[in-house]
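Asker: Next one to model:
(one chain, ligands or ions: 2)
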Amino acid sequence: MRLKRLELQGFKSFLDRTVLTFQNGITGVVGPNGCGKSNIVDAIQWVMGEQSAKHLRGESMTDVIFNGSDTKAASSMAEVSLVMDRSGVALPPQFAAFEKAEEISITRRVYRDGNSEYLINKTACRLRDIHELFMDTGVGRRAYSIIEQGQIDRMISVKPDERRGLFEE
Ligand code: ATP
Ligand code: MG
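Answerer: Ligands and ions are numbered 1, 2, ... in the order given. Next comes the predicted model:
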């Protein structure tokens, strides 16, 4: 499965619906400090089911909702969808309905009152279904290596045995 598109709305700094298309050959997202690059990484982890607010650089899960700016009111909901190319990957039996689909999208929503929803191809599902969908595909919230800001610096400057520890992790 290959990441094709990421759609954000009301997530962190992305109040308006924003669509990022990852065509072949895209290897990076660049932009000035504070423009939202790390928020994109947070969105990918979040939609794949991340449950730790700390991992998403917040205190509570509702911190991912756009919390207003000088000119815009806070949003009542955050929504992220991740769209993948199926590339012929077989799906678990409960997803038989999507057997013919070329794209698989997963969506996560959270409301200010803390209620949340998960969807697969716009059909409501459980977090467990999302985990099962990715099982054995090599995709998952912990399957990709996300190297935090500042860690490269650490890798370069630490002693060899400590560096080895970082690589093993
Ligand atoms: P740097 O290059 O410094 O790492 P970055 O591009 O990674 O920057 P991010 O950390 O993704 O930037 O974005 C930071 C911005 O997102 C800040 O301006 C912060 O106020 C904003 N932000 C984070 N959470 C929210 C939220 N819930 N609502 C509104 N804005 C938010
Ligand atoms: Mg950053």
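
Asker: Can you pull the residues of this protein lying near ligand 1?
Answerer: 12-13, 31, 33-39, 63, 65-67, 149 (Cβ under 6 Å from any ligand atom). For glycine as for every other residue, the C-beta is placed from the backbone atoms N, C-alpha and C.

Asker: where along this structure do the helices fall?
Answerer: Along the chain, counting by DSSP state H, helices occupy 37-47, 127-134, 151-157, 160-168.

Asker: Could you identify which of the ones you listed is most buried?
Answerer: Mean neighbour count (mean count of other Cβ atoms under 10 Å) peaks for helix 37-47 among these, with a mean of 20.

Asker: one step back: rebuild the helices of the chain as TSV, extending it with mean pLDDT and distance to residue 117.
Answerer: Formatted as TSV, the helices of the chain follow (pLDDT from 0 to 100; distance: least, Cβ to Cβ, whole Å):
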stretch	mean pLDDT	distance to residue 117
helix 37-47	94	12
helix 127-134	88	10
helix 151-157	85	33
helix 160-168	86	36
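
Asker: would you list the ones you listed in JSON lines and tack on distance to ligand 2?
Answerer: Below are the helices of the chain laid out as JSON lines (distance: least, Cβ to the ion, whole Å):
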{"stretch": "helix 37-47", "distance to ligand 2": "3"}
{"stretch": "helix 127-134", "distance to ligand 2": "25"}
{"stretch": "helix 151-157", "distance to ligand 2": "12"}
{"stretch": "helix 160-168", "distance to ligand 2": "19"}
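
Asker: quick one: the spatially most central residue of the chain from ligand 1, how far?
Answerer: With distances taken as Cα atoms, centre = their mean, the residue of the chain nearest its centroid is residue 44 (1.2 Å). Using Cβ to the nearest ligand atom, to the nearest Å, residue 44 is found at 12 Å from ligand 1.

Asker: residues from this structure in reach of ligand 2?
Answerer: Along the chain, the residues adjacent to ligand 2 under the rule Cβ under 5 Å from the ion are 38, 149.

Asker: Show me the strands in the chain, by range?
Answerer: 2-9, 18-21, 77-85, 103-111, 116-120, 123-125 (DSSP state E).

Asker: Next, count neighbours for residue 118.
Answerer: 18 (other Cβ atoms under 10 Å).

Asker: Identify the residues contacting it.
Answerer: Counting by Cβ atoms under 8 Å, 6 or more residues apart in numbering, residue 118 touches 49, 106, 107, 108, 109, 124, 125, 126, 127, 129, 130.
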